[in-house]
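Asker: Just the structure for this:
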Amino acid sequence: MGATQRSRRWLVPVTAVAVVAGVGALGPVVADASPDLPGITAQDLLAKVQTAKVDGLTGTVTSSTDLGLPAIPGLGGDSAKFTDLLTGKHTARVAFAGPDKARISVIDNMAERTITTDGKTAWVYDSSRREATKLALPARPAEPEVAPDKQTYDPQAVAKQFLAAIDPSTKVEVSGTEKVAGRDAYKLRLVPKTDKTTVGSVTLAVDSKTWIPLQVTVMPRTGKDPAVQLGFSAVSFGVPAASTFSFTPPKGVKVTEEKVPATRHTEPKGLPKSGKPDASKPDASKPDAIKPSADKPTTIGEGWDTVLVLRGAKLPADSGPAGQLLANARTVSGSWGSGKILTTKMVSALITDDGRVFVGLVTPDTLQSAATKAPR
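Answerer: Here you go, the predicted model:
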């Protein structure tokens, strides 16, 4: 297996975590009665999804997230907001046109966060803080990295990350039909064959006319309720007007102007990025923060079994909320050393005493196995 293929596949579990960290909805996507559609094989449907393309669309994306995270007493401020993103319901208005034009407006608690780019200029606006950042983008044909939320709020982009994991360890089947956002759709179901992952299945609701994924549902290996459901509650396929991607800050909003360099460091897709609280970049002034490593994240394993590894982490103070969470976590040890295991029905994390962090959509035993293979 080539390095390029492996690098694509490790993004799947990590992107799923990022999706969980960034999505939200007013409520779960509602599916109507199953429509009567012509039969199609899983192979043909998969081929159509992987080559589907539209010039543009507008719509409302909704999601519901339940990872089974425990409550952390005393959590407040930005930390509480981040936790809400991991365990809640939110909604976003979206518009996409080509690879370089996107607008995402996330509505939460009567506040709005907007990220928009027309390919030349990008804006990041937070109504709760009354702040906006204007970024001048370099001339480049590729999609601007300042709009990473497209990876979070575009069901097609999210679906492609899961599709990249398809290999002999994945069973692919057409499991029926349904209506999503008023459109007839086939259900393409991906089932990991490995027992090392916490993912039970991923189902894509695929539009029967455009072949664009309208909804992504992630089921845990145990339990009957979705861990993540992301999809359109309304969608229209057509190229939005150019004015859709322009932005005028409201009166009284503080505006900061920046210029994005033509060459810049690129984080792996699927990690939390700017525009919302970033768990990988905590406030160094807060004793509760886990300090990130200066080293780039690495991975162990492939496909569904992939484990993300970070080094140089500093464990939080015992007195803080995160410290309380770790204090209640199970202590484990092995040839790799000792540390704490944090688990939910979807995400597992091993934080070692020597400052390494192993995380993935895998079982705790898989994390410890990965730790034995990782260099100190």
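Asker: quick one: average pLDDT of stretch 202-218?
Answerer: The average pLDDT for stretch 202-218 rounds to 96.
Asker: Just the endpoints, please. Distance across that stretch?
Answerer: Stretch 202-218 stretches 5 Å from its first residue to its last (C-alpha to C-alpha, to the nearest Å).
Asker: Equivalent analysis for stretch 120-138, please.
Answerer: End-to-end distance (C-alpha to C-alpha), stretch 120-138: 7 Å.
Asker: For Leu135, give its distance to Gly238.
Answerer: 27 Å (C-beta to C-beta, to the nearest Å). (C-beta placed from N, C-alpha, C; glycine too.)
Asker: same check, this time on Ala47
Answerer: Taking C-beta to C-beta, one finds Ala47 at 25 Å from Gly238.
Asker: what's the answer for Asp100, then?
Answerer: As judged by C-beta to C-beta, Asp100 and Gly238 stand 18 Å apart.
Asker: between those two, who's got more neighbours?
Answerer: Taking neighbours as other C-beta atoms under 10 Å, Asp100 and Gly238 compare with Asp100 leading, 19 against 11.
Asker: low-scoring stretches of the stretch 151-300 of the chain, by residue?
Answerer: Scanning the stretch 151-300 of the chain with the threshold set as pLDDT under 70 gives 151-152, 262-295.
Asker: Give me the next element, helix or strand, following the host helix or strand of Val235.
Answerer: Assigned by DSSP states H and E, Val235 belongs to strand 228-237. Next helix or strand after strand 228-237 toward the C-terminus (DSSP H and E): strand 254-259.
Asker: other SSEs contacting that next one?
Answerer: Strand 254-259 sits against strand 131-136, with contacts defined as 3 or more C-beta pairs under 8 Å, 6 or more residues apart in numbering; DSSP states H and E.
Asker: Partner strands of the strand it packs on and their direction?
Answerer: strand 121-126 (antiparallel), strand 254-259 (parallel) (DSSP bridges).
Asker: most neighbours per residue, which of those?
Answerer: Mean neighbour count (mean count of other C-beta atoms under 10 Å) peaks for strand 121-126 among these, with a mean of 21.
Asker: ok, how many other residues are close to the closest residue to Glu257 other than its chain neighbours?
Answerer: Spatial nearest neighbour of Glu257, excluding adjacent residues (C-beta to C-beta, 6 or more residues apart in numbering): Lys134 at 4.8 Å. Residues contacting Lys134 under the criterion other C-beta under 10 Å number 16.
Asker: For Val260, see how far away Lys134 is.
Answerer: Going from Lys134 to Val260 by C-beta to C-beta gives 11 Å.
Asker: which neighbours do these two share?
Answerer: By C-beta atoms under 8 Å, 6 or more residues apart in numbering, Lys134 and Val260 have these common neighbours: Ala122.
Asker: Point out the other elements, helices or strands, that the one helix or strand Ser333 maps to touches.
Answerer: Here Ser333, judged by DSSP H and E, is contained in strand 330-334. Strand 330-334 sits against strand 337-343, helix 364-373, with contacts defined as 3+ C-beta pairs under 8 Å, 6+ apart.
Asker: how about the nearest residue to Gly176, chain neighbours excluded?
Answerer: Lys187 (4.9 Å).
Asker: For the helix or strand that contains the one you found, list every residue counted as buried.
Answerer: Element membership for Lys187, per DSSP H and E: strand 183-192. Buried positions in strand 183-192, judged by neighbour count with 16 or more other C-beta atoms under 10 Å: Arg183, Asp184, Ala185, Tyr186, Lys187, Leu188, Arg189, Leu190, Val191, Pro192.
Asker: From what I see, the first one and Asp207 are in contact.
Answerer: This means Arg183. Yes - at 5.4 Å, Arg183 counts as touching Asp207 under the criterion of C-beta atoms under 8 Å.
Asker: Now do the shared contacts for the two.
Answerer: Residues within reach of Arg183 and of Asp207 at once, by C-beta under 8 Å, 6+ apart, are Leu214.
Asker: Name the residues of stretch 332-348 that come out as buried.
Answerer: Neighbour-count burial for stretch 332-348 [16+ other C-beta under 10 Å]: Val332, Trp336, Gly339, Lys340, Ile341, Leu342, Thr343, Thr344, Lys345, Met346, Val347, Ser348.
Asker: Contacts only, for Asp354.
Answerer: If a contact means C-beta under 8 Å, 6+ apart, then Asp354 has Gly337, Arg376 as its contacts.
Asker: Can you read off the backbone torsions of it?
Answerer: For Asp354, the backbone dihedrals (degrees, to the nearest 10) come out as phi -90, psi 10.
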